[in-house]
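Colleague: give the three-dimensional model of this entry:
(chains A and B)
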2 protein chains.
Amino acid sequence: MANIAVLGHGVVGSGVMEVLLTHQESITRRAKEEIHVKHILDLRDFPQLPYQNVFTKDFDKILKDPEVKIVVECMGGLEPAYSYAKASLTNGKSFVTSNKELVAAKGAELIALAQKNNLNFLFEASVGGGIPIIRPISQCLAANEVSEIAGILNGTTNFILTKMIREQMGFQEALGLAQELGYAERDPSADVEGADACRKICILASLAFGTHVYPEKVHTEGITKITLGDVAYAGAWGGAIKLIGMVKMQDDGKIAILVGPMFISRESPLCNVDDVFNGILVRGDATGDVVFYGKGAGKLPTASAVVADVIDCVKHFKARKYLYWEDAKPDYVAPFEGMKGDFFVHVQGPGASDQAFAAAQAVFPRAARIIRKDEEPGEAGFTVAGLTQAELEENLERLAEAGVEVCGRILISDF
Amino acid sequence: MANIAVLGHGVVGSGVMEVLLTHQESITRRAKEEIHVKHILDLRDFPQLPYQNVFTKDFDKILKDPEVKIVVECMGGLEPAYSYAKASLTNGKSFVTSNKELVAAKGAELIALAQKNNLNFLFEASVGGGIPIIRPISQCLAANEVSEIAGILNGTTNFILTKMIREQMGFQEALGLAQELGYAERDPSADVEGADACRKICILASLAFGTHVYPEKVHTEGITKITLGDVAYAGAWGGAIKLIGMVKMQDDGKIAILVGPMFISRESPLCNVDDVFNGILVRGDATGDVVFYGKGAGKLPTASAVVADVIDCVKHFKARKYLYWEDAKPDYVAPFEGMKGDFFVHVQGPGASDQAFAAAQAVFPRAARIIRKDEEPGEAGFTVAGLTQAELEENLERLAEAGVEVCGRILISDF
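Modeller: Sure, this is the predicted structure:
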């Protein structure tokens, strides 16, 4: 029998209990041992639960219980999760977590600590909820050099954008609906400002390229500035706006990494990933493009990924698992300003739309105009190709000086 | 150093060598041992190759070499692959294969043999080429009851159907193009008649539900009878025709399994899987729908999956891996005749289209007509809901007796 402790009995933690209880027989068969939850840490009482007697408010009780071999953390947030992870891994307990903030901020340190003590530190649930992605990248794609990863990593913002695209709902209204349906938190900033997607692309980048990337090194934009006008131009251009986290290995050994809204062509397998679904594209030199698609969040999908990690831990008590990356190194993340790309630019001039576009052409001689229905007077949208972010900004400043307001600029993806 | 032997130096076998040579450093790092190809079995000579000295025409030399720990089979076909697999697994050598015919026909026996001798029998490359699917189903989804799998499992037929849908190319012409481009063999029957997709859904069904399913138990239809008229009706209905392999666990513990063309709604994540790509949907009680997408065939994608298995073998020399299912049991596959579904029916009457549909309504009172552009005189298309295959056939016979020719019937998918 494998004794485990679960930290936190919120959405994911209670989901873990539900998955363990409803699938007891098949899980035992797969783990080749019965998995027994000996403790659940939560400050609240749950007198109505059949397993109420295993609750504790004291983490030390778990830490000092030599029978507990695996600690499963479903609390979220950096503290006390980080302290509990360190304490567990220095006291002979493997650690399984669904906490992307923890892995993105402390992954390299906790991986090294687990390795030193011959324990497992697993976090499949931290990216993509129930979509298997951490394992496939590290294991199935082992015979493959990954060159690029790009994904729709946040279901909340994808839901909001889908509503804006399909029903011409404004951002605020779509956000309100997402909150009403429980897809967005009361404070939605981690989702809509891109921080959640940023943590996830940092984890994927660290894993794929073997060097930790900290979220604060990554240029991150959310979707709060996206307008229905932008959405309409994207449709007229032949695609849709999605919030993308992407990382690409450059020839110079640095990585280009960013989070932001992007124009995605209708030909891309990511363009049809709608609503709360996530889609992650992994480009490898041997496999070509492989895409993983599914619900990226939610109680049971996330819990099933956590439990899969627990099963893996139980089966590998005597062997460390394969997840590994080194700590960050200086100058590894290429400067955002130098990143080259194609862009959509959305402008508003004081006169007619034709005049606004003519002013844009004076600055960007090769601008390609996008024609859309219901353009406002003076509004224009166009694409420009092959500029660095710095060059783009410089030119947009010149355009503003010429009296044309720049409403937005959005990167055009190349996958 | 881990010594391996590769059987066959065709497309996949030479791809395995290419992946091993071009990724030597990263593979060694991941496997924690250098992987050395000591023998390659092929009847041909390859005097131009830098590794020409490792070729042999004698399998016994490999079998009797105690240094060879893993035999990698990339020959295809049932024999001699099956004999070589048995000999390897009874002589202390793990076996990795890309051969779907072998796994579909002999999987249960070879898995049992590997288990008995504490060896690995791995076959990630047998389904989905470079798409990780065997491992995710068996491992990542361990905490999840899979209820259904449905997939576009054959790239050749998907390419042909895509050409028929997008360019109104007839079946024969599209097949000719596929052959010209090297996507289809000179004898394309295994692809276009559905046998290839059938082997793959058998492997996935065996793995997901733990009991071997032999291809000869599975009702299999190909795409040779699909017409441009069918394709147009599918478009008018709101979707597309795809060749699908599907398996579903029924409440009575039997499985419904079949391979055939199906109407797929535009809302389904499988509808946009085009060209030579494969897409596999795995429906689980906890995860919901997870979809895996990528190139299902080709030299390097398939080879990279083979090499990933080899790496896994090297890392698990002392432990058996997790793939397991039992041999077939009687009455496990639900009879095709009793399988219930919704169908598209395509008819041709002697008079006007309205008359043909009126005759159809006499037999199927709740038939829903599909209107499409450019209908031929007397042609009609309609859907019927909730019939067993036997009921459908019976009613179609009555319709034929009423003088209306039945040109085709196609299942409508419910995913």
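
Colleague: may I have stretch A:253-272 as PDB, with CA atoms only?
Modeller: Only the C-alpha atoms of stretch A:253-272 are listed here, as PDB (Å, rounded to 0.1, in the frame of the first residue of the first chain):
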ATOM      1  CA  GLY A 253      21.300  29.200 -28.900                       C
ATOM      2  CA  LYS A 254      19.100  31.800 -27.400                       C
ATOM      3  CA  ILE A 255      15.300  31.400 -27.200                       C
ATOM      4  CA  ALA A 256      12.700  33.800 -28.600                       C
ATOM      5  CA  ILE A 257       9.800  33.600 -26.100                       C
ATOM      6  CA  LEU A 258       6.700  35.700 -25.600                       C
ATOM      7  CA  VAL A 259       3.100  35.700 -24.600                       C
ATOM      8  CA  GLY A 260       0.600  37.800 -26.500                       C
ATOM      9  CA  PRO A 261      -2.400  37.900 -28.800                       C
ATOM     10  CA  MET A 262      -1.600  36.800 -32.300                       C
ATOM     11  CA  PHE A 263      -3.200  36.600 -35.700                       C
ATOM     12  CA  ILE A 264      -3.500  32.800 -36.500                       C
ATOM     13  CA  SER A 265      -4.200  31.700 -40.000                       C
ATOM     14  CA  ARG A 266      -7.200  29.600 -40.700                       C
ATOM     15  CA  GLU A 267      -4.900  26.900 -42.000                       C
ATOM     16  CA  SER A 268      -3.200  26.500 -38.600                       C
ATOM     17  CA  PRO A 269      -4.400  23.600 -36.400                       C
ATOM     18  CA  LEU A 270      -4.600  26.100 -33.600                       C
ATOM     19  CA  CYS A 271      -7.100  28.400 -35.300                       C
ATOM     20  CA  ASN A 272     -10.000  26.000 -34.600                       C
END
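
Colleague: buried sites along it?
Modeller: Across stretch A:253-272, burial judged by 16 or more other CB atoms under 10 Å in any protein chain shown covers A:255-265, A:268-272. Yep, even glycine has a C-beta here, placed from its N, CA and C like the rest.

Colleague: stretch A:229-246 now?
Modeller: Buried residues in stretch A:229-246 (16+ other CB under 10 Å): A:229-235, A:237, A:239-246.

Colleague: inside strands: which ones of those residues?
Modeller: A:Gly239, A:Ala240, A:Ile241, A:Lys242, A:Leu243, A:Ile244, A:Gly245, A:Met246 (DSSP state E).

Colleague: please identify the helix or strand for the closest residue in space to the last one that isn't next to it in sequence.
Modeller: Spelled out, that is A:Met246. Leaving out its chain neighbours, the residue that sits closest to A:Met246 by CB to CB, 6 or more residues apart in numbering or on different chains is A:Ala150, at 4.0 Å. For A:Ala150, the host element (DSSP states H and E) is strand A:146-152.

Colleague: where along the stretch 1-150 of chain A do the strands fall?
Modeller: With DSSP state E, counting those that start in this stretch as the criterion, the stretch 1-150 of chain A has strands at A:2-7, A:35-41, A:55-56, A:68-73, A:94-97, A:121-122, A:146-152.

Colleague: ugh, wrong one, I meant the stretch 301-415 of chain A
Modeller: Using DSSP E, counting those that start in this stretch, strands in the stretch 301-415 of chain A cover A:340-348, A:368-370, A:379-388, A:405-412.

Colleague: A:Gly155: which of these is closest?
Modeller: strand A:405-412 (20.5 Å; CB to CB).

Colleague: how about that closest one: buried residues?
Modeller: A:Val406, A:Cys407, A:Gly408, A:Arg409, A:Ile410, A:Leu411, A:Ile412.

Colleague: for the stretch 301-415 of chain A, what lies in contact range of chain B?
Modeller: A:301, A:303-308, A:310-312, A:315, A:319, A:322 (CB under 8 Å from any CB of the partner chain).

Colleague: change it to 6 Å
Modeller: A:Pro301, A:Ser304, A:Val307, A:Ala308, A:Ile311 (CB under 6 Å from any CB of the partner chain).

Colleague: who wins for most neighbours among the residues you listed?
Modeller: A:Ser304 (32 neighbours; other CB atoms under 10 Å in any protein chain shown).

Colleague: wait, what's in contact with it?
Modeller: A:Val19, A:Gly130, B:Ala143, B:Asn144, B:Ala286, B:Thr287 (CB atoms under 6 Å, 6 or more residues apart in numbering or on different chains).

Colleague: ok, A:Asp285 next?
Modeller: A:Glu145.

Colleague: show the pLDDT at A:Tyr322.
Modeller: Per-residue pLDDT puts A:Tyr322 at 66.

Colleague: now A:Lys318
Modeller: 65.

Colleague: ditto for A:Cys140
Modeller: 63.

Colleague: could you give the angle of the lowest-mean-pLDDT helix or strand in chain A to strand A:35-41?
Modeller: Ranking every helix and strand in chain A by mean pLDDT, DSSP states H and E puts helix A:24-31 at the bottom, with a mean of 89. Relative orientation of helix A:24-31 versus strand A:35-41 (axes from the mean of the first three to the mean of the last three CA atoms, to 10 degrees): 110 degrees.
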